[in-house]
Each structure stands twice: as structure tokens, then as C-alpha cells.
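**Student:** Need coordinates for the following:
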Amino acid sequence: MWGELMEGAEVPADARVRPTDLHLAAFRGDLNEVETLIEKKKHQINQADSEGMTPLMVAVKQGHMDVAELLLPVSDVHAIDKEEWTVMHWACEVGRLAFVKRLCKEHCELLTMKDKRGLSPLHIACWQGNEELAKILLQNKADMKALTKWGETPLHHAAFFGHVGVCRLLLEHGADPLVKDRLRRSPKSLASGKAASPELQALFREAVAAGPAASESSTASLNE
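**Tutor:** Residues are numbered from 1 along each chain as shown. Predicted structure coming up:
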């Protein structure tokens, strides 16, 4: 629908909320227009579109990071969309590492905010298999024990999707391979199925055999 609106098409009758001029400028990545609108239409800065997204979220989702950097200081970073995602969720979803680092530095509380399913930013990094992103979040004290509404930890997600590197990172820093979700599945059991790679299966066998003590010497490396 957004593309049609940008071309001047009529808004559908069932459209709940038309995006503002600032939403559209952020969507296009028009830095000069965004700068002008910030000054002239301040009331639009934190307005939500039909999906509950603010102009800042739109800019991040579209990858217009110069616009996002401009909007960040004047925007409500705690705003949530209809899925209860924050700008941190979106930055993790699209893998904008530098922006995630800035958010961690200036608004570390966003690391604890979950969406309506209970997903934290670390869950997103882990289901994507983004090892560098996961490392950044862990360095900034993201909670490896955070649970979704189904009782899943970030390690459950990494194991389910077969991301060996992220699983290794989490296990090295103390994630529990045997904790069970509401369906009684542990990360180890998810990594033991027929679809799991031999490397992933071996990683979890070794982690369980080594026990909790094996992670103690690794935790300090998060801050290196």
C-alpha cells in the first residue's frame, strides 16, 4: 500500500491509519525532507502508521540509517508497533550492527523488552544465526535465560534453526542446553533430530558432558 500512497493513489476505505509525511520520507530515505519535517511537523515524529510503526522504525526497517540516526534523538525509543516490536527489535531483524551498538549504549533497557510472543532482541539474533549480533547483545548483558511465551530460550531458537556458531557462543557463555520449554523440548533435544547436522549434535553432546563448569572461564571473554 505504501508504494501506491507515494504515487498519489487513493487510500483504501479500510486503511486504518494513513502514514504521515514523515513516514513516507523515512520510507524513501529522503534525509533533507525528514530534517525539514522534524522541524515543521514535530507532532508526526512519534505517530504510528497502520502497523503501529513510527517513522524511526520505518527508517530502520528500510535500511536508511542516516535517517534513523537523525530521528533517534528526537523519537520515543520505547514505542512499540502492533507486534510489540521496538526499534531495537527492528534493528536486530535487519542486522544493523552499528545502530544496535548505539541503542545498547544509549538505551540498554531495550534489551529486556519483548514482543507479544515474548521474543527479545537476542531471540531474533539467535533465530537468524547472526553470531556477531548475538555477541554484541551478550556484551551488553542481554539475558540468555529470557523466555518466550512458550518457554523458549534464545538457545532453543539457535538450536532449532541449526545455527552452530550461535549455539557455540551461547553455550560458551553459560546457556543451559537442557532447559525445557512448555512442550518439554530442550535445546539439546532440538539439536538431536534427524535434520540436525553432525556438527551441531556433537556440540551439544560435548556441552552436556562438560557440564556447567565448562562455561565459567568463557564468560569473561564477553567483554574482551
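**Student:** can you tell me the helix or strand for the closest residue to Val166 other than its chain neighbours?
**Tutor:** Nearest non-adjacent residue to Val166, counting by C-beta to C-beta, 6 or more residues apart in numbering: Ala158, 4.2 Å away. All C-beta atoms are positioned from the backbone trio N, CA, C, and that covers glycine. Per DSSP states H and E: Ala158 is located in helix 154-160.
**Student:** What of Phe27?
**Tutor:** Assigned by DSSP H and E, Phe27 falls in helix 21-28.
**Student:** next one: that helix to chain centre, how far?
**Tutor:** 22 Å (C-alpha atoms, centre = their mean, to the nearest Å).
**Student:** what packs against it?
**Tutor:** Judged by 3 or more C-beta pairs under 8 Å, 6 or more residues apart in numbering; DSSP states H and E, the packing partners of helix 21-28 are helix 2-6, helix 31-40, helix 55-62, helix 65-71.
**Student:** Packing partners of the longest helix seen in the chain?
**Tutor:** Taking DSSP state H as the criterion, the chain has its longest helix at helix 198-210. Packing partners of helix 198-210 (3+ C-beta pairs under 8 Å, 6+ apart): helix 164-172, helix 187-190.
**Student:** what's the angle between the longest one and helix 198-210?
**Tutor:** For helix 164-172 against helix 198-210, the angle between stretch directions is 10 degrees (axes from the mean of the first three to the mean of the last three C-alpha atoms, to 10 degrees).
**Student:** which ones are touching Val166?
**Tutor:** Ala125, Cys126, Gly129, Asn130, Glu131, Ala134, Ala158 (C-beta atoms under 8 Å, 6 or more residues apart in numbering).
**Student:** Could you verify my assumption that the last one touches Asn130?
**Tutor:** It refers to Ala158. No. Using C-beta atoms under 8 Å, Ala158 makes no contact with Asn130, being 10.0 Å away.
**Student:** So which of the two has more stuff around it?
**Tutor:** For Ala158 versus Asn130, the count of surrounding residues by other C-beta atoms under 10 Å is larger for Ala158: 32 against 21.
**Student:** Quick one: residues contacting that one.
**Tutor:** By C-beta under 8 Å, 6+ apart, the residues touching Ala158 are Cys126, Trp127, Gly129, Ala134, Val166, Cys167, Leu170, Pro187.
**Student:** swap the cut-off to 6 Å and go again
**Tutor:** By C-beta atoms under 6 Å, 6 or more residues apart in numbering, the contact list for Ala158 reads Cys126, Val166, Cys167.
**Student:** Tell me the spacing between the second one and Glu172.
**Tutor:** Which is Val166. Remark: distance between Val166 and Glu172 (C-beta to C-beta, to the nearest Å) = 11 Å.
**Student:** One more: the first one?
**Tutor:** Computed with C-beta to C-beta, the distance linking Cys126 and Glu172 is 14 Å.
**Student:** These two: which has the busier surroundings?
**Tutor:** It is Cys126, of Cys126 and Glu172, that has more neighbours when counted by other C-beta under 10 Å, with 33 against 17.
**Student:** give me the element that one is part of.
**Tutor:** Under the criterion of DSSP H and E, Cys126 resides in helix 121-128.
**Student:** show me what contacts Glu84?
**Tutor:** Taking C-beta under 6 Å, 6+ apart as the criterion, Glu84 is in contact with Asp115, Lys116.
**Student:** does the closest residue to Ala196 other than its chain neighbours sit in a helix or strand, and which one?
**Tutor:** Leaving aside its sequence neighbours, Ala196 sits nearest to Gly162 (C-beta to C-beta, 6+ apart; 6.2 Å). Per DSSP H and E: Gly162 is located in neither a helix nor a strand.
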